[in-house]
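Trainee: Next comes the sequence, and after it the predicted model I'd like to discuss.
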Amino acid sequence: QTKPDTGTSQPAVVKAPADSPTGGPERTWGDFSDKCAYIFKYISKEIGPVAMNVLEKALDEVRPRLAPPLQSLELRADGRVDLKPFPVAALNSLPSDGRRAFHDVLSDILVAEVLAVKKTLGNDHEAAVVRGLERIGEAS
């Protein structure tokens, strides 16, 4: 396990959780949601109510790169991302290449949020968030 290189302007590598054999795509979505909530909680503790605006701006930067059905994403009050009207249950019917593309979308969203932390709070906070994200979903 390596620590992120916080001495560069490159964003840290943040991966969406892989499908687990026991949970599949729905579990992946749950872990992703937990990671988004963690980022929101972390940044909120540091900068207060403006955290919602910071993360919404980060999502707005990612939105144009998403497929049209996913562009309707919204940030909930707890920091989780809603992909309306995309039902989470529909993830189970995605072919493997569709799942891979969906993982890429989740990773893009997480990277945008971590980069927002870095821009707002600095490299040390970015590294702390990445370490925290690595622990989410591991014990499940």
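Mentor: Cool, got the structure. Residues are numbered from 1 along each chain as shown.
Trainee: contacts and neighbour counts: CA atoms only from here.
Mentor: Noted.
Trainee: pLDDT-wise, which helix or strand of the protein ranks last?
Mentor: Least confident element among the helices and strands of the chain, by mean pLDDT, DSSP states H and E: strand 81-83 (a mean of 82).
Trainee: which outside residues touch it?
Mentor: Counting contacts by CA atoms under 8 Å, 6 or more residues apart in numbering, the residues outside strand 81-83 that touch it are 33, 36, 70, 71, 72, 73, 74, 75, 76.
Trainee: Which of the residues you listed fall within strands?
Mentor: 73, 74, 75 (DSSP state E).
Trainee: ok, the residue nearest to the second one when sequence neighbours are not counted to residue 61 distance?
Mentor: Nearest-residue entry for residue 74: residue 82, 5.1 Å, with adjacent residues in sequence omitted and distances by CA to CA, 6 or more residues apart in numbering. Note on residue 82: its distance to residue 61, by CA to CA, to the nearest Å, is 16 Å.
Trainee: Pick out whichever of the two has more residues nearby.
Mentor: When neighbours are counted by other CA atoms under 10 Å, residue 82 comes out ahead of the other of residue 82 and residue 61, with 16 against 12.
Trainee: Centre-most residue in the protein?
Mentor: residue 110 (2.7 Å; CA atoms, centre = their mean).
Trainee: which strands and helices sit next to the helix or strand encompassing that residue?
Mentor: Residue 110 belongs to helix 96-121 when assigned by DSSP states H and E. Using 3 or more CA pairs under 8 Å, 6 or more residues apart in numbering; DSSP states H and E as the contact criterion, the secondary-structure elements in contact with helix 96-121 are helix 24-47, helix 51-62, helix 123-135.
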